[in-house]
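A.B. asks: Got a predicted structure here, sequence first:
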Amino acid sequence: LLASVSKIFNEDLSFHGSLKKVLKTVAETGNYSLAECWLADADKQFMNLASWFTADEQVKEFYSHTEYFRKVSRGEGLPGKVWQSGEVLHWSAGVDDGIFVRAKPAEKAGLEKISAVPLFYNNEVIGVMLLGFSARVKSRFTLAGNASEFGKYLGVEIKRKQIEQELGQIFNVAPDVICI
C-alpha cells in the first residue's frame, strides 16, 4: 500500500487528483466502503473535506445527504476530535456518543464502523483520513496496528505534494520574474 501511495504522489497529477486516486487505492486495497481525507486550512482554524471516494451507491447517497458537513473546527465531529487529540478514534453504528455528527445518515447508508486516522507532518496533525466499513462489504484488512505509522507517512506525502503544487504555481504565474 505504501509503495502504491508513493507512486501515485509521484505521478504528474494535480494535488486533488493525486488525493482522490490515493483514497481510491486505499479503499480498494482494504475493501473499505468509504475513504475521506480532511485537511487543515492554511490558518489552522478549520479542517475541510478535501476529497472522498466510494464505489458503493448507498454510501454515495450518504454524501448527498451530508452536504452541510464539509468544514469542522478543532474538536467538532469525528475529524475535529481526531485533529484535537491526535489519536485514532472509532465510531460504531448504534452508538450515539455525539462524536460522529453524520451518524444517522451513515447508518442509513449501511455503514457499521468508521475509523479516523490523524495525518501528521512534523508532529502536527495536518489532516484526518476516515475509513468506513459496511455490512455489505467485508474489509480485507485494517490499518489497526499500523494506523499511526500510515498516518505519518500519508501526512508527509500530502504535505510534499502540496508544496510541490504551490511551487509549481509560483513558477507558472511569475516565470519572467524568477531569474536563475
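C.D. replies: Sure, I can see it.
A.B. asks: Could you use CA atoms for every contact and neighbour count after this?
C.D. replies: Will do.
A.B. asks: Residue 91 - that's part of a strand, no?
C.D. replies: Yes: counting by DSSP: H, G, I helix; E, B strand; the rest coil, residue 91 is located in a strand.
A.B. asks: and the gap between it and residue 19?
C.D. replies: The gap separating residue 91 from residue 19 is 24 Å, by C-alpha to C-alpha, to the nearest Å.
A.B. asks: Counting neighbours around each, name which of those two comes out higher.
C.D. replies: Set residue 91 next to residue 19 and count neighbours by other C-alpha atoms under 10 Å: residue 19 wins out with 24 against 20.
A.B. asks: Okay, buried residues for the longest helix along the chain please.
C.D. replies: When the chain is parsed with DSSP state H, its longest helix is helix 147-173. Within helix 147-173, the residues scored as buried using 16 or more other C-alpha atoms under 10 Å are 147-148, 150-161.
A.B. asks: Tell me the one of these nearest residue 118?
C.D. replies: Within those, proximity to residue 118 (C-alpha to C-alpha) peaks at residue 151, which comes in at 5.7 Å.
A.B. asks: In this protein, mark out all the strands, start to finish.
C.D. replies: With DSSP state E, the ranges of strands along the chain come out as 34-40, 46-53, 71-73, 89-92, 111-121, 124-134.
A.B. asks: would you turn those strands into JSON lines with distance to residue 63 and mean pLDDT?
C.D. replies: Shown next, in JSON lines, are the strands of the chain (distance: least, C-alpha to C-alpha, whole Å; pLDDT from 0 to 100):
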{"stretch": "strand 34-40", "distance to residue 63": "10", "mean pLDDT": "96"}
{"stretch": "strand 46-53", "distance to residue 63": "9", "mean pLDDT": "96"}
{"stretch": "strand 71-73", "distance to residue 63": "14", "mean pLDDT": "95"}
{"stretch": "strand 89-92", "distance to residue 63": "17", "mean pLDDT": "92"}
{"stretch": "strand 111-121", "distance to residue 63": "12", "mean pLDDT": "94"}
{"stretch": "strand 124-134", "distance to residue 63": "13", "mean pLDDT": "94"}
